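>>> Need a 3D model of the sequence below.
(one chain, ligands or ions: 2)
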Amino acid sequence: MIEFRSVSHRYGDRPTLQDVTLRLVERRIGVIGPNGSGKSTLARLCNGLVKPTSGTVLAEGHDTTRETAAVRRVTGFVFQDPDTQILMPTVAEDLAFSLRPLRLPAAEVARRVDAQLEAFGLVDHRDHPAHLLSGGQKQLLAIAAVLMTDPAIVLFDEPTTLLDLRNKHRVMETIVGLSQQIVVVTHDLDLLDRFDRVILIDEGRVAADGAPGETVAFYRKLILG
Ligand SMILES: Nc1ncnc2c1ncn2[C@@H]1O[C@H](COP(=O)(O)OP(=O)(O)O)[C@@H](O)[C@H]1O
Ligand SMILES: [Mg+2]
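Ligands and ions are numbered 1, 2, ... in the order given. Presented below is the predicted three-dimensional model:
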């Protein structure tokens, strides 16, 4: 659960989000809106990558400004470009790397890595160089790596933007099937049907907020007239 209480944010004197109040309790939440409207800022506020200029953001009850360590433990963040997120040479090493902060015994690390390779259909790629995976497989690896530490909330900033149609569907299918709470910024409006709630951000404000069909229809009308 994420809560925004009268949150505003600015870069210098440029307002990016203005007086946003939201209680995000639904499991699958989409965020849509034009380029530059403040979507990435909103997503980054959720895990403290960006701090509010005024107001408060809480992730699972933890203040993102004052309780950064607790916030990082309960949230995961998946970026648009998996190449910025894959840190180790091979697929299995990259998954194991996520567990380093937990200081687990090697056998337990191996067990969790194996389970995750299985869950994400990456078993055959275990020892492959991660950079040789397809775009879709790389994004699945990035998601799998973020999930290794079992965050309660996972934030995604345009996770399907760089993918072809088949991989877009495959990755979104995986995201929608997660048991964690998910907040997904996306331009792929046709992939939002199974979301519980979709929020439209326009010029730094919440312009619409409701069921996917309603919010998407409002957005299309706003842009296309
Ligand atoms: N690091 C930054 N410094 C200054 N301005 C920024 C920075 N990041 C984003 N902005 C500006 O803030 C506004 C909102 O950006 P962003 O949240 O990235 O929008 P979106 O993800 O919807 O495209 C835009 O006008 C953008 O140019
Ligand atoms: Mg963005």
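>>> what's the neighbour count on the closest residue to ligand 2 within the chain?
Ligand 2 sits closest to residue 40 of the chain, with a gap of 3.2 Å, by CB to the ion. The way it works is simple: take the backbone N, C-alpha and C, and place the C-beta from them, glycine included. Neighbour count for residue 40, taken as other CB atoms under 10 Å: 20.
>>> and what of residue 205?
Using other CB under 10 Å: residue 205 sits among 15 other residues.
>>> Check residue 7 too.
23.
>>> what sits against it?
17, 19, 20, 21, 45, 52, 54, 55, 56, 57 (CB atoms under 8 Å, 6 or more residues apart in numbering).
>>> C-alpha coordinates for the helix or strand hosting residue 172, CSV please?
In the assignment (DSSP states H and E), residue 172 maps to helix 165-176. The C-alpha trace of helix 165-176 is given here as CSV (Å, rounded to 0.1, in the frame of the first residue of the first chain):
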residue,chain,number,x,y,z
LEU,A,165,4.5,-7.0,-29.6
ARG,A,166,5.1,-10.6,-28.6
ASN,A,167,7.5,-9.6,-25.8
LYS,A,168,5.3,-6.8,-24.6
HIS,A,169,2.5,-9.3,-24.0
ARG,A,170,4.7,-11.8,-22.5
VAL,A,171,6.3,-9.4,-20.0
MET,A,172,2.9,-7.7,-19.2
GLU,A,173,1.4,-11.2,-18.6
THR,A,174,4.2,-11.9,-16.1
ILE,A,175,3.7,-8.5,-14.4
VAL,A,176,0.0,-8.9,-14.1
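>>> what does this protein put close to ligand 2?
39, 40 (CB under 5 Å from the ion).
>>> all strands of the chain, in order?
2-11, 14-24, 28-32, 54-59, 62-63, 75-78, 153-157, 181-185, 197-202, 205-210 (DSSP state E).
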